[in-house]
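Trainee: Coordinates only, no sequence provided:
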Ligand SMILES: Cc1cc2nc3c(=O)[nH]c(=O)nc-3n(C[C@H](O)[C@H](O)[C@H](O)COP(=O)(O)OP(=O)(O)OC[C@H]3O[C@@H](n4cnc5c(N)ncnc54)[C@H](O)[C@@H]3O)c2cc1C
């Protein structure tokens, strides 16, 4: 970059205005720093525009469709006449639009300077955007992630990623989803509820393979019941497409045909060609390596969000942003414990978890050092009313604190708040068993599970 570029000085320059970047900017501004937030696309990033919010709006529309279909079972006469996809998109875009406006207002009211344009890291204390050099005592990298593909698998035509899936203006007759992780099973849930034939192909032995195996197996049972087809433990070999559809071939030679292929094989860090390596940052498969304080090891350059190895979740980005702003300000924020970050998959039925799976707990405490308990939602009044099946699985260190809570069933994502307090505060089952849970709520199922684990089950069959 030429030396005659204009210079603008800030305390903190944040590159990327998604969950991690804007949270850093908001908290830093609150703490009195002069902050520049550089964004090439839209403030709010993937989560608001191409991720969490649009997918959850689609999942809500899908839930309404299922409710209409099943209304007769509770004595309500209703009929599903079909899905008006343009109207679904209007609803989804309305939600995004209101949140986007709110976020823009928030950022401006905190006096954060938003710089619109694509930036590159040009020095240990500078970011260049469209020929202008912005310097900061601290630089925060928050450039996020993109939908990955596989070697030889080209995106285009009938082979799409979640970005295009969110803007489809029709319900496909049939879809193959490559990848049975969070994004794959969420889209499977939406499209099945909207009336499509859905097939998931996953190379690992289970759907949502990062969850406790009990949840994976329960989700597989539910999906089988819903008529969502899946093929596990067989890897993708190739795809061909023509005017009418796609044909996917697996390594075993099996083939599947559909109108569309959604590639949902994970998200890669957006760090290429941004000057990171030139400034001496350590990258591993594109991810920025940081220490527990989110420091890159170079000057005052820090990183947050999806470019940092670990769970790629918006609320992790928010918390890392808050942590970093406080850290830079000389406060002593509590370190973020990755295992205690709540995880929710918003498919039907929902899957939610926090802390260690049984397998991970056994790695830590030994095979004999772990106790588990499953509480069936069948014994929970509200779950019966909703007509949902599922369970809560608790994992504790033997005679010690609760180290994991794992749940499956309609709306169990709403139970993750209490679960994360229990795990983060290293509660004992006896501590929770004495707390009163309102009746009839699904939340009560958590209380019942802890009563049972504390050795005094109430509404639980032994
Ligand atoms: C389909 C889908 C569903 C999801 N659902 C959920 C969910 O339900 N819950 C959840 O917690 N997470 C969910 N996620 C993940 C979540 O969206 C991400 O974890 C989160 O957005 C990461 O935040 P970030 O700030 O690291 O990156 P991003 O949100 O990707 O933001 C990065 C920003 O930086 C900008 N940028 C990049 N490079 C530059 C540059 N050189 N110059 C200027 N600007 C730049 C980009 O335009 C972008 O706005 C989902 C993701 C997807 C794709």
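Mentor: Okay, I see it. Only a predicted model underlies this, so the values are computations on that prediction, with no experimental measurement involved.
Trainee: residues in the stretch 51-200 of the chain within reach of the ligand, list them.
Mentor: Taking C-beta under 6 Å from any ligand atom as the measure of proximity, the stretch 51-200 of the chain contacts the ligand at 51-52, 55-56, 118-119, 142-145, 162, 183. For every residue, glycine as well, the C-beta is placed using N, CA and C.
Trainee: Columns pLDDT, neighbour count and secondary structure on top of those residues, output as JSON lines?
Mentor: Converted to JSON lines, those look like this (pLDDT from 0 to 100; neighbours: other C-beta atoms under 10 Å; DSSP: H, G, I helix; E, B strand; the rest coil):
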{"residue": "51", "pLDDT": "98", "neighbour count": "25", "secondary structure": "coil"}
{"residue": "52", "pLDDT": "98", "neighbour count": "17", "secondary structure": "helix"}
{"residue": "55", "pLDDT": "98", "neighbour count": "22", "secondary structure": "helix"}
{"residue": "56", "pLDDT": "98", "neighbour count": "16", "secondary structure": "helix"}
{"residue": "118", "pLDDT": "98", "neighbour count": "14", "secondary structure": "coil"}
{"residue": "119", "pLDDT": "98", "neighbour count": "25", "secondary structure": "strand"}
{"residue": "142", "pLDDT": "99", "neighbour count": "33", "secondary structure": "coil"}
{"residue": "143", "pLDDT": "98", "neighbour count": "28", "secondary structure": "coil"}
{"residue": "144", "pLDDT": "98", "neighbour count": "27", "secondary structure": "coil"}
{"residue": "145", "pLDDT": "98", "neighbour count": "21", "secondary structure": "strand"}
{"residue": "162", "pLDDT": "98", "neighbour count": "20", "secondary structure": "helix"}
{"residue": "183", "pLDDT": "98", "neighbour count": "24", "secondary structure": "helix"}
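Trainee: Doesn't residue 373 belong to a helix?
Mentor: No: going by DSSP: H, G, I helix; E, B strand; the rest coil, the assignment for residue 373 is strand, not a helix.
Trainee: Please report the confidence value the model assigns to it.
Mentor: For residue 373, the pLDDT comes out at 97.
Trainee: what about it, how many neighbours?
Mentor: Counted with other C-beta atoms under 10 Å, residues neighbouring residue 373 total 19.
Trainee: quick revisit: return the closest of the residues of the stretch 51-200 of the chain next to the ligand with respect to the ligand.
Mentor: Set against the ligand, the nearest of these by C-beta to the nearest ligand atom is residue 144 (2.1 Å).
Trainee: list the contacts for the closest one?
Mentor: By C-beta atoms under 8 Å, 6 or more residues apart in numbering, residue 144 lies in contact with 16, 18, 20-21, 45-46, 269-270, 305-307.
Trainee: Let me have those residues in a markdown table, adding distance to residue 415, secondary structure and pLDDT as columns.
Mentor: Conversion of the contacts of residue 144 to a markdown table gives the following (distance: C-beta to C-beta, whole Å; DSSP: H, G, I helix; E, B strand; the rest coil; pLDDT from 0 to 100):
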| residue | distance to residue 415 | secondary structure | pLDDT |
| --- | --- | --- | --- |
| 16 | 32 | coil | 98 |
| 18 | 27 | coil | 98 |
| 20 | 26 | helix | 98 |
| 21 | 30 | helix | 98 |
| 45 | 27 | helix | 98 |
| 46 | 26 | helix | 98 |
| 269 | 31 | strand | 98 |
| 270 | 33 | coil | 98 |
| 305 | 26 | helix | 98 |
| 306 | 26 | helix | 98 |
| 307 | 31 | helix | 98 |
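Trainee: contacts with the ligand among these, please.
Mentor: Counting by C-beta under 6 Å from any ligand atom, the members of the contacts of residue 144 near the ligand are 16, 18, 20-21, 45-46, 270, 305-306.
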